[in-house]
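S.K.: Make a model of this:
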Amino acid sequence: MKFLVLLTLGVSLFGCSKQPERTYSVDELMANQTLLSDLIAKCKSNPGELRATPNCVNAEAADWKSRMERMGKALGG
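M.R.: Residues are numbered from 1 along each chain as shown. Next up is the predicted model:
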């Protein structure tokens, strides 16, 4: 009986948990520079906790890729 009560309580608490943050792809971030800038600022404000999260990794990759594309265009490529 105790097990059933604990199981019910656990399931109900799990249902109230926070929704996971949406993970953006590198291409999505490159297409939305405002979102990219916001994510980079958020990641830099708390690198110890957020650096290895998928959004921060993708934001870093998108920023790098955008910089390389801009540099290529500036050099005539």
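S.K.: quick one: residue 61 from residue 67, how far?
M.R.: To residue 67, residue 61 is 11 Å away according to CB to CB, to the nearest Å. Where you see a C-beta, it was placed from the backbone N, CA and C, and this is true even at glycine.
S.K.: And these two? Which one has more around it.
M.R.: Between residue 61 and residue 67, counted using other CB atoms under 10 Å, residue 61 has the larger neighbour count: 14 against 10.
S.K.: Which of the helices or strands spans the more buried one?
M.R.: Assigned by DSSP states H and E, residue 61 belongs to helix 54-74.
S.K.: what sits up against that helix?
M.R.: Contacts of helix 54-74 with the rest of the structure, by CB atoms under 8 Å, 6 or more residues apart in numbering, involve 21, 23-27, 29-30, 33, 36, 39-40, 42-43, 50.
S.K.: Tell me which two of those sit farthest apart.
M.R.: Maximum pairwise distance in those, criterion CB to CB, is 20.9 Å, between 27 and 50.
S.K.: Stretch 29-38: which residues count as buried?
M.R.: 29-30, 35-36 (16 or more other CB atoms under 10 Å).
S.K.: How many residues are close by residue 51?
M.R.: 12.
S.K.: what does residue 28 give?
M.R.: For residue 28, the neighbour count with other CB under 10 Å is 14.
S.K.: Now do the contacts for it.
M.R.: Residue 28 sits next to residue 35 when contact means CB under 8 Å, 6+ apart.
S.K.: Skip ahead from the helix or strand harbouring it and say which helix or strand is next.
M.R.: Residue 28 is located in helix 26-31, with elements delineated by DSSP H and E. Proceeding N to C from helix 26-31, the next assigned helix or strand is helix 33-45, under DSSP H and E.
S.K.: From the chain's centroid, how far away is the next helix or strand after that next one?
M.R.: Downstream of helix 33-45, the next assigned helix or strand under DSSP H and E is helix 47-50. Mean-position distance between helix 47-50 and its chain equals 12 Å (CA atoms, centre = their mean, to the nearest Å).
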